[in-house]
Each structure stands twice: as structure tokens, then as C-alpha cells.
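**Student:** fold the following.
(chains A, B, C and D)
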There are 2 protein chains.
Amino acid sequence: MTTIKDVAKYAEVSVATVSRVLNDRGYASAEARRRVLDAIEKLNYQPNSVARSLYHKTSGMIGLFMPDITNPFFPELARAVEDVALESGYTVVFCNTDEEEAKEKRYFDALKQKYVDGIILTASSQSASDYAQWDMPIVALDRVIGKHIPTVASDNKNGARQATIHLAERGCSFIAHLKGPAGVRPADDRAAGFEEVIEEKGLRSVVVQTNFSIKQAEKETMKLLADHPDIDGIFAASDVTAAGAMQALAQSGRSVPGDVKVIGFDGIPLCNMLVPSLTTVQQSIYQMGEKAAQLLIQQIEHGESESCEHIFPVSLIIRETT
Amino acid sequence: MTTIKDVAKYAEVSVATVSRVLNDRGYASAEARRRVLDAIEKLNYQPNSVARSLYHKTSGMIGLFMPDITNPFFPELARAVEDVALESGYTVVFCNTDEEEAKEKRYFDALKQKYVDGIILTASSQSASDYAQWDMPIVALDRVIGKHIPTVASDNKNGARQATIHLAERGCSFIAHLKGPAGVRPADDRAAGFEEVIEEKGLRSVVVQTNFSIKQAEKETMKLLADHPDIDGIFAASDVTAAGAMQALAQSGRSVPGDVKVIGFDGIPLCNMLVPSLTTVQQSIYQMGEKAAQLLIQQIEHGESESCEHIFPVSLIIRETT
DNA sequence: CTCCGATCTGTAACCGGTTACACACATAGT
DNA sequence: ACTATGTGTGTAACCGGTTACAGATCGGAG
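**Tutor:** You can find the predicted model right below:
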């Protein structure tokens, strides 16, 4: 690999001059500049970013912490982050945390040692204080983790309200909510929005907890249908969960939307792949990822810790399941 | 941040001694070792990996190049790579290439400057020579790119044969193949396998090209059904493509598997979410990712360039669409 | 003609580690 | 007593950049 010394020698100047030309800082005569540029060209020189990192305590990398890329909600988010990062010259380090704080901490330590410039975090822990002491630019994505950490998320509660109201308007009178994992903020918010509307409208309801896996959703729905055969609406906490519910419904001989209406949450591509296609509450997934990356980079480059919450509106997309 | 000098001062030894204790190399008296370990503990010292990188020309990072994480085939692959990497102390840098060689090259340059240790590549270019001159440990994943580059892939041709034979055995006599993009190796291999069986059995067939997007698959299938109303079997080059076909079939009033039987390829979780659930050719996705990461790390650490192809068998998973 | 600031350039220190090498000391073998 | 050999330790060079600082040159003002 050619180094700055090689370039200096070839151009017959000092390394300082090469560095100045390279970074366009300080003085350099037209003649020197010409010779340096020529040498760089000739030797096909590319500055070593590790050496740069060492001096600047900066790496041009950002960490992306997500529970599990295998969950279909996350790839689009990751994609958006990566697109923005690339555009701004950053590189994305990819970390599946499996909702485990230990794994998160381990990654954080590793990245800190590499001078990672900042982190986008779909957090596992509830306690914002843990992250506050990380002492690094952070943006929370999808999950609110504290007032003093910039956050990008959807208006989950309102989305849940819209979904529930929609089912009610379509004539459902006994609605089940397949709730997401307890302790995961968006799941709790969606459940809260659901309960609110149920109470306002005085409807019958039942809530069961699931994780976000399709198999479990199917199983829980089967049980639900056995216990409450007269359910006529299901609000699933995610599209994947809704898909599980639909399988259970098909299996138990119920028609959708004839016997039971179903609505999901997220707006992932899956919705359009299902037959019948799934009504859902659409999140602006890509835009959220974009925004999170932009906020982080801004924070890194301008130190602005715009410590605010960016709550994205959601929109009801009515398809065939209602 | 505390540095090795701080530790040395606190422990009243030289930095060399600290380094020796840290890396367990060379001599260090029990007394010195005790003091250093104590100092590390007290000061909560963590060695700076950038400085290490600079000296060793190594970074503990591997690049993962994929066309688009948004394509549901890739997240599981990425997940597997990340799991193995983490276990071996590596960090994964994530790069969506969009099948563009320019983007690939750009990423490669950026990573090389960071002393990335190796790359797992779902290649865009056909020309293996381009990659050979990259002069870095590389493993090709999902797509064969040349004899001298270790490769992990599925037995696509055989899988396509199995799929086609299965359709024939189920009584299909006029089978359409929704082929993947031209120039993408697995797509070509699958098409070849399909053609072989068609010829052997003397069946009627038609092949149309699609990209891997669901919308386009749907559109192409509609056109196909209009041109050839008597098609009774569809072999889709991917599960997503199959989902698109199923939508078109539903839309045109045909029943699956009654009127038309459908088989996909990949074995992504989507298959189980569809109603009816999708028969497919299952790839060992996670295992492939795992193997690729293992091969790469082996190559990095032991220099073994086991330049062979690891072709994973595929298996026919029969579900409701056939 | 002198002085001043602007322009230009190179030397060397620094970022935070690793390690070659020199030196000190102990123990053992002859 | 006199090497050898094995231990233990510190100094300084090195990885490949960046930049503070000092010295040189030059044009223009006084």
C-alpha cells in the first residue's frame, strides 16, 4: 500500500505539504499542489482512514442496533439508514441485539473502541439512563427511550385508535387484540390506544399477548377462537401477527373478512402478498430510518443534540381483510 | 479515555510491560502482572482498537455485500453471518450494492482504507477477474463467481429440476417459469434446470423474465394468463415471485392448486404466511450464511484459501399450492 | 532601505498501541 | 570464577496520518 511518505517522495515535497493539499487546509503553492496531485494520481494513493481515525478520534462509522433483522419490519429501516449513511460518507456497522441488554452492551464496548461516531438504537432496555451514560451521539429509533435522547418513532397509540375505530365502523362488536411483547414500548402504546377506543365505544374486547412470531400468533389465535367463538374482529399488533391470525382463521373455517375482520400494523410488503390482502396501519418505515440517520449525522457533525421526539403520523390502508 | 500510558503510570511500569500483560506475550513477573491487572481494573481501561489496527493492518471487521436487504431472502443470510462474526469477535459492515458494480467498488475502496479483514460477497458483476484483483479474503455467497474464489451456494439447477418434476407428477402439462433477472447466476441455473426437465418429459412450457419484485411478477403473470389461458402450473424463480403469481391467479379467478399449481424457490418465512401455503424449494439459508462466514474467518486467520465450492443441497417442501 | 504581514514549506511531536533491542539480573553448568 | 541461558523490564522506533511551530521568501508600505 502506498503511503503519504511515498507520495511526498515522488512529489519531492514533505508529508506536511501532501497532507495540506489533500485536506485543502493551510497554504500550498500552485506548483506544489500540481506535483502532489500528480503523484497521487500516478501512485494511485488512497489515504489510510485508520491512521486518520487514530488522530481525529473519529471513524466515519455508525452503529445500527436492531433486535433482529430477520423480523420483516427492520430491513427497510436498515436500508434507509444505510442509504443516508452512504450518501454522507458513513459506513454502517450492523448489530442484532436480540433484545438482550448484554449483547447490546458488548457491541457498544466493541464499537466504542473503534471510535464509532454514533449509534442508531432500537433499544432493548427500558431504562434510558443506561443509554444516557453511553456518552456518544445516539438516536432512538422506533422506541422512545427518554426525553434527553432524540427519538424517531411512529404515533403508535393513534394508529391503534384508528385501527380499532375502523373495525368498529365496519361493524365489529367483539374485538380481540393480539398484543406484542410486554415491555416493548410500541406494543404497549398500541394496546393503550386499543383499550381507549374500546372503552369509548363500549365494545366487547379481549387482549392476548404474543411475541412477534407468526407461529405463536397462529397458536394464540386458535386458542382465542376456541374460548370466544363469537369474535368478529382482530387487531394484530403487527402484520406478521396478523398473518398468523389469518392462518388460524382459515384453519378454523372462518372467512375473512366475512366472519372475522382483520387489521395489522406496520405496513410491510407482506400485506400485499397475502390473499386477501391485509388492511393495516402503515408506518412511514423508510422515512423513519432516513430521519434517524439524518438526525444522528447532524448530531455527529454539528453537535446539535436536538433532543426532541420526531413522531411520524401513521395512515390506515384499507385492503381486503376489512 | 484512559490509555495504555495511564495504566503504565498507575501500575508504575512501562507501556511495554502493560502491553505484554495485555496480550500475554513475552515475559512479565507475577508482581508486575498483578499491578497491571489491578490498574486496568481501577482505571476501567479498554485498549483502543484503532491504534491496534494501525499497527497490525487488521481491523476485526468484515464487509457484507448484498444486493438489497429489503429482499426477504437476504435478512436470514445476514443474520447468520452476523452471528458467526460476533462469536469470533468480528464486526460486520453492511453494504447494499443494488447490483451496481459502481457502488460495490466504492464500498470496497472505503473498506480497504479501513483495513477490513475480508468480504462476503453476493456479487453483482459476472466477471470473477474483477474480484480476484481485489487482493483480500473473499467468499462468494449465493452466487458463483469463479473457480479461484471460495463459494457457498445452493444447488439451484437441481432444485429447479425437483420443482419441475414435482409439478409434472402433480399432473401439470403446461408449465410456466417465471424466471429471475438475466445475468444473475442462480436465476440462470434455475431456468436451465427447468428447461432440462421440460425437455426430458416433453412438456409444454413458456418462460417469462421478471425481476424479483412482487408487483412485476403479478403483472407478468396476468399477461401470461391472458396469452396462455390453459397454463396449469407455475414454477416461480423465488417465493416472492410466486406470491405475485398467486395474486394474479386469485385476481383472474383461478383457484390454487385446483386450476393452477404453484411452486416457489427459496423457502423464506413468507411461504407459511400465504394462504394457501406455498410449496417451495427450500434452501438452507441460515446454514449457507454460517458457512460463508466460517470460511471467510478461516481464510483470514489461517490464510487457507480453500478455493472450493460448497454447494448446499435443497429440499422440496410440499405445502398447499400443489 | 527597513519592517511587516502574507505565503510557503519542512521538522518533529502526536494520536495509542506493539515490539525489536539493549540491558540488568539471577541461576545453573563447567 | 566464568560463561550460558532464561527472566524481566524499559527505551525508542514504528504503523500512517495531522498539525503546531519555526524558518524562509517575497511584495508592499513607510
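
**Student:** for the most centrally placed residue in chain A, list the residues it contacts.
**Tutor:** Per C-alpha atoms, centre = their mean, the C-alpha nearest to the average position across chain A is that of A:L77, at 4.5 Å. A:L77 makes contacts with A:M66, A:T122, A:L141, A:D142, A:I285, A:Y286, A:M288, A:G289, as judged by C-beta atoms under 8 Å, 6 or more residues apart in numbering or on different chains. For glycine as for every other residue, the C-beta is placed from the backbone atoms N, C-alpha and C.

**Student:** name the element the closest residue to DNA strand D within the stretch 201-322 of chain A belongs to?
**Tutor:** Going by C-beta to the nearest atom of the strand, DNA strand D is nearest to A:E301 of the stretch 201-322 of chain A, at 15.0 Å. Under the criterion of DSSP states H and E, A:E301 resides in helix A:285-302.

**Student:** can you count the residues close to A:L249?
**Tutor:** 24 (other C-beta atoms under 10 Å in any protein chain shown).

**Student:** so it sits against A:L224, correct?
**Tutor:** No - the pair A:L249 / A:L224 is not scored as a contact, 10.3 Å apart, by C-beta atoms under 8 Å.

**Student:** spell out which residues of chain A are next to DNA strand C.
**Tutor:** A:12-17, A:20, A:26-32, A:51, A:54-55, A:57 (C-beta under 7 Å from any atom of the strand).

**Student:** near chain B, which of those show up?
**Tutor:** A:A51, A:L54 (C-beta under 8 Å from any C-beta of the partner chain).

**Student:** so which of the residues of chain A next to DNA strand C belong to helices?
**Tutor:** Residues of the residues of chain A next to DNA strand C located in helices (DSSP state H): A:V15, A:A16, A:T17, A:R20, A:A30, A:E31, A:A32, A:A51, A:L54, A:Y55.

**Student:** ok, the first one - contacts?
**Tutor:** Remark: with contacts taken as C-beta under 8 Å, 6+ apart, A:V15 is in contact with A:I4, A:K5, A:V7, A:A8.

**Student:** just say helix, strand or coil for A:Y131.
**Tutor:** helix (DSSP: H, G, I helix; E, B strand; the rest coil).

**Student:** what separation do you get for it and A:Q46?
**Tutor:** 36 Å (C-beta to C-beta, to the nearest Å).

**Student:** so for stretch A:299-314, what gets flagged as buried?
**Tutor:** A:Q299, A:I300, A:H310, A:I311, A:F312, A:V314 (16 or more other C-beta atoms under 10 Å in any protein chain shown).

**Student:** would you point out the most distant pair within those residues?
**Tutor:** A:I300 and A:V314 (28.6 Å; C-beta to C-beta).

**Student:** so A:S125 sits right up against A:E101, yeah?
**Tutor:** Yes - between A:S125 and A:E101 there is a contact under C-beta under 8 Å: 5.0 Å.

**Student:** when the two are compared, which one has more neighbours?
**Tutor:** A:S125 (18 against 14).

**Student:** would you double-check that the more buried one falls in a strand?
**Tutor:** No - using three-state DSSP, the assignment for A:S125 is coil, not a strand.

**Student:** contacting residues for it?
**Tutor:** A:E101, A:E104, A:Y131, A:I145.

**Student:** per-residue pLDDT of it, please?
**Tutor:** Reading off the confidence values, A:S125 has pLDDT 70.

**Student:** host element of A:K219?
**Tutor:** helix A:214-227.

**Student:** who touches that helix?
**Tutor:** So helix A:214-227 is contacted by A:176, A:178, A:206, A:208-210, A:231, A:234, A:236, A:240-245, A:247-249, A:251-252, A:254, B:269, B:272-273 (C-beta under 8 Å, 6+ apart).

**Student:** how far out from the middle of the chain is it?
**Tutor:** Distance, stretch centre to chain centre, for helix A:214-227: 28 Å (C-alpha atoms, centre = their mean, to the nearest Å).

**Student:** before we move on, what about stretch A:179-188?
**Tutor:** 16 Å.

**Student:** in it, what's buried?
**Tutor:** Applying a neighbour-count criterion of 16+ other C-beta under 10 Å, one finds A:K179, A:G180, A:V184, A:R185, A:P186, A:A187, A:D188 buried in stretch A:179-188.

**Student:** surely the fifth one is in contact with A:D142?
**Tutor:** What it means is A:P186. Yes - here A:P186 reaches A:D142: they are 6.4 Å apart, a contact under C-beta under 8 Å.

**Student:** quick check: A:V7 is in a helix.
**Tutor:** Yes - judged by three-state DSSP, A:V7 forms part of a helix.

**Student:** that one and DNA strand C, how far apart?
**Tutor:** 11 Å (C-beta to the nearest atom of the strand, to the nearest Å).
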